[in-house]
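# Provided below are the primary sequence and the corresponding predicted coordinates.
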Amino acid sequence: MKIFITGGNHHPFLLFCRKLFIIAPRIQYPFYFCISKADPDMANGKYKTWRIFLIVFLLAIGIVGVLGYSKYKKVVAPNVTTAENFSLYITANADLESVTEQLKKANILKDETSFYWWATKKDLYKNLHPGRYVLKNGMSNREIVNLLMSGRQTPVNVTFNNIRIKKDFAGRIGAQIEADSIDFITYFDTTSYFKSLGLTKDNFMTLFIPNTYELYWNTSAESFIKRMQKEHETFWNSARLNKTKEIGLTPEEVYILASIVYSENDRASDEASRIAGVYMNRLHKGMKLEADPTVKFAIGDFAKKRIYFADLEIESPYNTYKYAGLPPGPIHMPPIKYIDAVLHYEKNDYIFLCGRGDGSGRHYFAETLSEHNKNRAMYIQTLNKLGIR
């Protein structure tokens, strides 16, 4: 009787079985020798029975070993194959099927079936935690399932800046975390949270300091707002609050003025403190700010290149050509350096400013109306020359 063991030449269980088959006769001989002394016929029968039993026993061990090793490979062998880390997003209502489908579409698993088998065996569907999970190249099914069951998600970097209106802000944040823009718009419009902070529907945007923040992907709209309040409190430290008192503005007013300065000049930031100084001079003198960016905001045309006299007549509390003082809310989300530029505004005697119109973002500054009219004439001449209407 011949036993053939096929498969890979280096499979550990097969090598083990081969060795056993080689030494099997040697194991049998002492037993056979003892029996043959007493009864040769009985010895031959016992010997054959023993040999069959041993062969079956070794085959069983081999089969169990092969099956066990196969399952072992399904659990601990590398199954993730990706050149870059892959972000797996699990929503609040996700199930095992949707997670597996997401991995399948990403084509990062060598064997989706083995992952599903192990995930089912470990009851992953009962312990799915929403969030963003980073899968790395070479991870096994056991590592993936353990990660998802643990809830050890990887935070995301949420960035916002250069935003004018709440709709755009909601869209920007909603694109970076699970909560969508509708969640944020609804929260902005219905919550009494801002009122409890002393903010209004016009100036609530002053709560948000433009920057990059580390958050969990499944952060809700409410949790996001509360986190931003903490960041706001951190930003307005004692040094900055002392400066607001020194210049006679509240933190909200500083933010609003910074939004005008930024809208006036978002290219040559070295002029920011000077522009802030011009507007502070006008505020101190009781003059209207007459800031063109506020008119653009009131019109709602942020791409408008040129302001005409007819535009100055638009009825809006944001039109600083019609109403003195600061507008009721920010017209832009100013970078931190522009907020600090207002806090440390340049002490000068300028009360007029006029853009150069050459695309540099720089301005002409004047102390008198006659100087300003000359600068304005150069500005109009430049616009006409460039064909800007």
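In hand now; what should we look at? Residues are numbered from 1 along each chain as shown.

# CA atoms for contacts and neighbours, from now on please.
Noted.

# who touches stretch 266-274?
Outside stretch 266-274, the residues that touch it by CA atoms under 8 Å, 6 or more residues apart in numbering are 261-262, 265, 338, 341-342, 344-348, 360-362.

# same question for stretch 112-132.
74-75, 87-92, 94-96, 100, 103-104, 141-142, 145, 148-151, 153-156, 216-218.

# just the ones of those in strands?
Taking DSSP state E, the ones among the contacts of stretch 112-132 that sit in strands are 87, 88, 89, 90, 156.

# any chance of these in JSON lines, plus pLDDT and neighbour count?
Shown next, in JSON lines, are the ones in strands among the contacts of stretch 112-132 (pLDDT from 0 to 100; neighbours: other CA atoms under 10 Å):
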{"residue": "87", "pLDDT": "95", "neighbour count": "16"}
{"residue": "88", "pLDDT": "95", "neighbour count": "18"}
{"residue": "89", "pLDDT": "95", "neighbour count": "19"}
{"residue": "90", "pLDDT": "94", "neighbour count": "23"}
{"residue": "156", "pLDDT": "96", "neighbour count": "17"}
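
# what are the phi and psi values for residue 183?
Dihedral pair for residue 183: phi -60, psi -40, per degrees, to the nearest 10.

# let me see the contact set for the nearest residue to it once chain neighbours are set aside.
Closest residue to residue 183 apart from its sequence neighbours, by CA to CA, 6 or more residues apart in numbering: residue 221 at 6.3 Å. Counting by CA under 8 Å, 6+ apart, residue 221 touches 179, 183, 184, 187.

# list just the nearest of these to residue 301.
residue 184 (23.7 Å; CA to CA).

# so residue 159 sits in a helix?
No - assessed with DSSP: H, G, I helix; E, B strand; the rest coil, residue 159 is strand; it does not lie in a helix.

# in space, what's closest to it - neighbours in sequence excluded?
residue 212 (4.2 Å).

# below-threshold pLDDT in this structure: ranges please.
1-73 (pLDDT under 70).

# give me the most central residue, it.
The chain has residue 156 as the residue nearest its centroid, 3.2 Å off, counting by CA atoms, centre = their mean.

# quickly find the element holding residue 167.
Assigned by DSSP states H and E, residue 167 falls within helix 166-174.

# which other helices and strands contact that helix?
strand 156-160, helix 181-190 (3 or more CA pairs under 8 Å, 6 or more residues apart in numbering; DSSP states H and E).

# closest to residue 304 out of these?
Set against residue 304 and scored by CA to CA, those come closest in strand 156-160, at 23.3 Å.

# what pairs with the closest one, parallel or antiparallel?
strand 211-215 (antiparallel) (DSSP bridges).

# check contacts around residue 352.
Contact analysis of residue 352 by CA under 8 Å, 6+ apart lists 278, 365, 366, 367, 368, 369, 372.

# ok, now how distant is residue 314 from residue 86?
According to CA to CA, to the nearest Å, residue 314 and residue 86 sit 51 Å apart.

# for residue 365, same thing?
For residue 365 relative to residue 86 (CA to CA), the value is 53 Å.

# what about residue 295, which helix or strand?
helix 292-299.

# could you say what helices and strands that helix packs with?
Against helix 292-299 (3+ CA pairs under 8 Å, 6+ apart) you get helix 251-264.

# ok now the helix it packs on, how far from the chain's centre?
The chain centroid and the centroid of helix 251-264 are separated by 27 Å under CA atoms, centre = their mean, to the nearest Å.

# which residue ranges form the strands in this structure?
Secondary structure of the chain, counting by DSSP E: strands at 86-90, 131-135, 156-160, 211-215, 352-355, 363-366.

# so which of the ones you listed comes closest to residue 79?
Evaluated over these, closeness to residue 79 peaks at strand 131-135, with 10.5 Å, by CA to CA.

# compute the inter-axis angle for the closest one and strand 156-160.
Using axes from the mean of the first three to the mean of the last three CA atoms, to 10 degrees, the inter-axis angle of strand 131-135 relative to strand 156-160 is 120 degrees.

# what comes up buried for strand 131-135?
By neighbour count with 16 or more other CA atoms under 10 Å, strand 131-135 contains the buried residues 131, 132, 133, 134, 135.

# likewise for stretch 120-136?
Under 16+ other CA under 10 Å, the buried positions of stretch 120-136 are 124, 125, 128, 129, 130, 131, 132, 133, 134, 135, 136.

# same question, stretch 291-306
291, 292, 293, 294, 295, 296, 297, 298, 299.

# who are the contact partners of the fifth one?
By CA under 8 Å, 6+ apart, the contact set of residue 295 is 311, 312, 314, 318, 319, 320, 321.

# drop anything exposed from these.
Buried residues within these, counting neighbours by 16+ other CA under 10 Å: 311, 312, 314, 318, 319, 320, 321.

# tell me the one among these nearest to residue 388.
residue 311 (16.1 Å).

# how about the nearest residue to the closest one, chain neighbours excluded?
Here the residue nearest residue 311, using CA to CA, 6+ apart, is residue 295, at 7.1 Å.

# and residue 140, what does it touch?
Contacts of residue 140 by CA under 8 Å, 6+ apart are 75, 76, 77, 78, 79, 80.

# measure the residue found closest to the second one once you drop the neighbours it is linked to in the chain to residue 266 for me?
Right, the one you point to is residue 76. In space, and not counting its chain neighbours, residue 76 is closest to residue 140: 5.1 Å by CA to CA, 6+ apart. As judged by CA to CA, residue 140 and residue 266 stand 49 Å apart.
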